[in-house]
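S.K.: got a predicted structure plus its sequence, pasted below:
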Amino acid sequence: MKISTKKAKFTNPLYLESGRILEPYDIVYETYGALNEKKDNVILVCHALSGSHHAAGWYKGDRKPGWWDSLIGDGKAIDTKKFFVICTNVIGSCFGSTGPMSKMYPTNEPYRLKFPVVTIKDMVKAQKILLSKLGIDRVYAVIGGSMGGMQALRFAVDYPGFAKKVIALATTHATRPWVIAFNKVAQEAILKDPNFKNGDYDPKEIRENGLNGLAIGRMAGHISYLSHYSMDRKFGRDYVTNEGLYELFGRFEVERYLEYNGYNFSKFFDPLSYLYITKAINIFDLSRGFDSLQEALEVVKSKLYLIGFEKDLLFLPEELKEVKEAMRDIGKDDLVEYYEVKSDYGHDAFLVEVDKFSDYINAILEGNR
């Protein structure tokens, strides 16, 4: 599989939903496979909160491949022998695209808390501009899970007909209080950490030592990414060997898991980016600017494939069913299909149980659905 990683620079202003602008700005993106002569084999992959442009394959020195490597590649469900796959790092993130720690032109100082709030709509707009720069005016499909699914749905509404097929997994049409509440825990933990320094932290120190507030917030997030069932299977009531049951700070295995993932995450993900991206997730609402979800979907021309996960506690399957029902209400039954994956893993099943839905994805892309 041919992999290429590039950075595109833009000097024209990006007008944001808030009324503010980004100027200039960068977008890092990765491509897999080859673009055909007609440019009609493009699939855009959109990443989730902590993801990046590195969706598949291996970098030299990688401990693990891109985050959706089990789905994207030669002979896989998203077959890079047939399709030209693009994944961009969203604006606001910390993996190369313009974000809160980028330099604020014309100074050499980073934006930090002066960075504007960006929305899912803004992220999608920036990707559309990138694709236009690459000479790509339409794509065969847009696909994404979680926050990536939000982007996929926005493409369907904001750019009708741009994608022939839109595949949204483990996502919602409007973020609900349950998710906002978990994100609030993370926000408070970050802001109250003295080492956050009101956004004036040294990023080198963060990479070396992490940030306790972000680690704690990420622990809360991990609870929502799993389910009762997957936690029982993973950890049961197992206790960490050599830690006494009657030691006050002796740990169950689930506690050690949360600590390990939380504190490691805080060393490679920027805390300001975490605040900005969770804000974008919180305010996401496909019907904002319309009188109803039905009205928002009236413009849709792409075929929507909605994939829910049975025991997803973060974005309930019923939230995608509501999109299907809204499409039915406006007489667009022929442009929507809902598929529910039988899984008790929880929200992260869209990343770790790819074998349960890869055949369905492949059938969509091969034109068999």
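M.R.: Structure received.

S.K.: distance check, residue 106 against residue 14.
M.R.: According to Cβ to Cβ, to the nearest Å, residue 106 and residue 14 sit 17 Å apart. Any C-beta I mention is one placed from the backbone N, CA and C, and that applies to glycine too.

S.K.: those two: who's more crowded?
M.R.: residue 14 (20 against 5; other Cβ atoms under 10 Å).

S.K.: phi, psi of the more buried one?
M.R.: phi -100, psi 110 (degrees, to the nearest 10).

S.K.: again with the one 5 residues further on
M.R.: Torsion angles at residue 19 (phi, psi; degrees, to the nearest 10) stand at phi 100, psi -10.

S.K.: just give me the neighbour total for it.
M.R.: So residue 19, with other Cβ under 10 Å, has 7 neighbours.

S.K.: residue 43 now?
M.R.: 25.

S.K.: is it bridged to anything, and to what?
M.R.: residue 85, residue 141 (DSSP bridges).

S.K.: what's the helix or strand for the residue in the chain sticking out farthest from the centre?
M.R.: Centroid-distance maximum for the chain: residue 246 at 40.8 Å, with Cα atoms, centre = their mean. Assessed by DSSP states H and E, residue 246 sits outside every helix and strand.

S.K.: which pLDDT value goes with it?
M.R.: Per-residue pLDDT puts residue 246 at 96.

S.K.: likewise the one 3 residues further on?
M.R.: Residue 249 carries a pLDDT score of 96 in this model.

S.K.: go on, the one 3 residues further on?
M.R.: What the model reports as pLDDT for residue 252 is 98.

S.K.: is it true that it touches residue 237?
M.R.: Yes. Between residue 252 and residue 237 a contact is recorded at 6.8 Å, counting by Cβ atoms under 8 Å.

S.K.: who has more neighbours, the two?
M.R.: Set residue 252 next to residue 237 and count neighbours by other Cβ under 10 Å: residue 252 wins out with 16 against 8.

S.K.: for residue 50, phi and psi?
M.R.: Torsion angles, degrees, to the nearest 10, at residue 50: phi -100, psi 10.

S.K.: dump the residue contacts of it.
M.R.: Taking Cβ atoms under 8 Å, 6 or more residues apart in numbering as the criterion, residue 50 is in contact with 265, 269.

S.K.: starting at the chain centroid, how far to stretch 53-61?
M.R.: Relative to the chain's own centre, stretch 53-61 is displaced by 16 Å; criterion: Cα atoms, centre = their mean, to the nearest Å.

S.K.: quick one: buried residues of it?
M.R.: 53-57 (16 or more other Cβ atoms under 10 Å).

S.K.: average pLDDT for it?
M.R.: 92.

S.K.: change the start of the numbering to 45 and stick with it
M.R.: Happy to do that; since the first residue is 45 now, the last one works out to stretch 97-105.

S.K.: residue closest to the middle of this structure?
M.R.: In the chain, the centroid-proximal residue (Cα atoms, centre = their mean) is residue 92; its distance is 1.1 Å.

S.K.: so how far is residue 281 from the residue farthest from the centre of the chain?
M.R.: 15 Å.

S.K.: over to residue 165?
M.R.: 45 Å.

S.K.: same question for residue 50.
M.R.: Residue 50 sits 49 Å away from residue 281 when distances are taken as Cβ to Cβ.
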